[in-house]
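Novice: Mind looking at a prediction? Sequence and model below.
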Amino acid sequence: MERFGFLLHPLKVNDLARKFSISKRIPDSILKQIIRFMPQIKLSHATGIESKVGSKAEGWLVGCTLTSEQMLNLPVEQVLKQIISAAKKAERLGAKIIGLGAYTSIIGDGGRKVAEQVDVPVTTGNSYTVAAAIEAVKIAADKLNFSLRQAHLAVIGATGSIGEACVQLMSDEVNQISLVARDKSKLKRLAESIKSNYQLESVDYSTDIDKVLSKAEIVITVSSAIDNIIEPNKLKPGAIVCDVARPRDVARQLNKSRDDILVIEGGIVKLPGSVELNFDLGLPSGTVYACMAETIILSLEGRYEDYTLGKSVSLPKVKEIQQLADKHGFQLAGLRYFEEKIDQKRFEQVKQAVSAT
């Protein structure tokens, strides 16, 4: 039996109710103070994962109690101490590799500082996150009869590890690219690199999200913002928006307020086997985010090694983890946004709305 651990944290304070229903009765201001000093907790024991080649795995979900906002605003040393404590708890439970979810993968040099403090390997899961996001975009484009070769792609958060890998992988697929991030000097370097290495009609960059949304047919958004950053009225009719960020960059209401826009999750993955996660991730039974899936894939493969760490994602590793996912029977769980499955009716709705404009 292979064994893994995965670290989670509440994106917002009301997510605590997934584990502690009593938290609904406590004012948020008081709850935020309490969770700053709570110990790290075992959330669940996940069982029943069995690859199509016969490997089996079990794992433990371990929770840091800090919210996304607290992870960004509290002193880094304090936050890192909690993440390392959670990782050591997973190690004590029996994990042979530990995955870092959401902001636990960002704090501490992309997981490197956590890896230095524990005796088992660590991965952020970003390689499979990239692979799953690209696959989801291609499926959505195909469903809308959309030609990627003619498309203008905008990547929000383009200079981050996931964003930059998406830019590189999609540069062979699309016609034009706009890069968006906060650091203009990093944007300029990335734009120059893309221009030198790929044959695109145009590559531009901006620190202003709204400026590029109106011209992009495909938007991949992977910022580390705490709140929604995509304004529905700025998007081009017919656009596909792939939201890879956690917390999400796109508001839940967008799919309802714009019939002519398709918003999809970056990558929800169905696990092989009769899986019991024993914890409510807010996803359909037996499915997880791609970052967690990467950790499980590596454990099933017996690849107990630091895999995706640091502030860049290796393209060969993106391709390798996709191959391993296929080998063990992992697959995208259809296209979704929030808890809703995107069905054929929704694709037809978008196509009709676009043709009417």
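Specialist: Cool, the structure landed.
Novice: shaky segments in the stretch 201-350 of the chain?
Specialist: Where the stretch 201-350 of the chain drops to pLDDT under 70, the residues are 255, 339.
Novice: What segments of it are strands?
Specialist: Using DSSP state E, counting those that start in this stretch, the strands of the stretch 201-350 of the chain run over 202-206, 218-221, 240-243, 262-265, 268-270, 273-276, 287-289, 331-332, 336-337, 340-341.
Novice: Need those strands in TSV (columns: distance to S196).
Specialist: Where you see a C-beta, it was placed from the backbone N, CA and C, and this is true even at glycine. Formatted as TSV, the strands of the stretch 201-350 of the chain follow (distance: least, C-beta to C-beta, whole Å):
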stretch	distance to S196
strand 202-206	10
strand 218-221	21
strand 240-243	26
strand 262-265	31
strand 268-270	34
strand 273-276	44
strand 287-289	33
strand 331-332	32
strand 336-337	36
strand 340-341	41
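Novice: got the ones you listed as TSV, with distance to A251 and mean neighbour count columns?
Specialist: Listed next are those as TSV, based on distance: least, C-beta to C-beta, whole Å; neighbours: other C-beta atoms under 10 Å:
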stretch	distance to A251	mean neighbour count
strand 202-206	22	17
strand 218-221	12	27
strand 240-243	10	27
strand 262-265	9	27
strand 268-270	19	22
strand 273-276	30	16
strand 287-289	19	24
strand 331-332	23	16
strand 336-337	11	20
strand 340-341	14	12
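Novice: M38: which of these is closest?
Specialist: Among the strands of the stretch 201-350 of the chain, strand 287-289 comes nearest to M38, with 23.3 Å by C-beta to C-beta.
Novice: And the closest one, what does it pack against?
Specialist: Counting by 3 or more C-beta pairs under 8 Å, 6 or more residues apart in numbering; DSSP states H and E, the packing neighbours recorded for strand 287-289 are strand 268-270.
Novice: on that earlier part again, which one, of the strands of the stretch 201-350 of the chain, ends up nearest to T129?
Specialist: Closest among these, using C-beta to C-beta: strand 287-289, at 7.6 Å.
Novice: so how far is the closest one off the chain centroid?
Specialist: 10 Å (C-alpha atoms, centre = their mean, to the nearest Å).
Novice: ok, it: who's next to it in the sheet?
Specialist: Strand 287-289 pairs in its sheet with strand 268-270 (antiparallel), by DSSP bridges.
Novice: So what touches the strand it pairs with?
Specialist: Strand 268-270 is contacted from outside by 128, 132, 283-284, 286-290, 293, 325, 330-334, 336, using C-beta atoms under 8 Å, 6 or more residues apart in numbering.
Novice: and if we set it to 10 Å?
Specialist: 128-129, 131-132, 135-136, 281, 283-294, 296-297, 325, 329-337, 341 (C-beta atoms under 10 Å, 6 or more residues apart in numbering).
Novice: Mind checking the strands of the stretch 201-350 of the chain for the one nearest to A87?
Specialist: strand 287-289 (18.1 Å).
Novice: And for that closest one, what's in contact with it?
Specialist: Under the criterion C-beta under 10 Å, 6+ apart, residues 6, 8, 46, 49, 61, 99, 101-102, 125, 128-129, 132, 244, 246, 265-271, 275, 277, 281, 283, 293-296, 330, 332-334, 336 lie in contact with strand 287-289.
Novice: now stretch 191-202
Specialist: Contact with stretch 191-202 is made by 150, 152-153, 158, 164, 167-168, 170-179, 203-205, as judged by C-beta under 10 Å, 6+ apart.
Novice: Endpoints of it, how far apart?
Specialist: 10 Å (C-alpha to C-alpha, to the nearest Å).
Novice: number of nearby residues for the residue nearest to G266 when sequence neighbours are not counted?
Specialist: Spatial nearest neighbour of G266, chain neighbours left out: V244 (3.2 Å); criterion: C-beta to C-beta, 6 or more residues apart in numbering. For V244, the neighbour count with other C-beta atoms under 10 Å is 31.
Novice: residues contacting V244?
Specialist: 126, 129-130, 132-133, 136-137, 155-157, 160, 162-163, 166, 220-223, 264-267, 289-291.
Novice: on that earlier part again, so which of the contacts of strand 287-289 sit within helices?
Specialist: 128-129, 132, 293-296 (DSSP state H).
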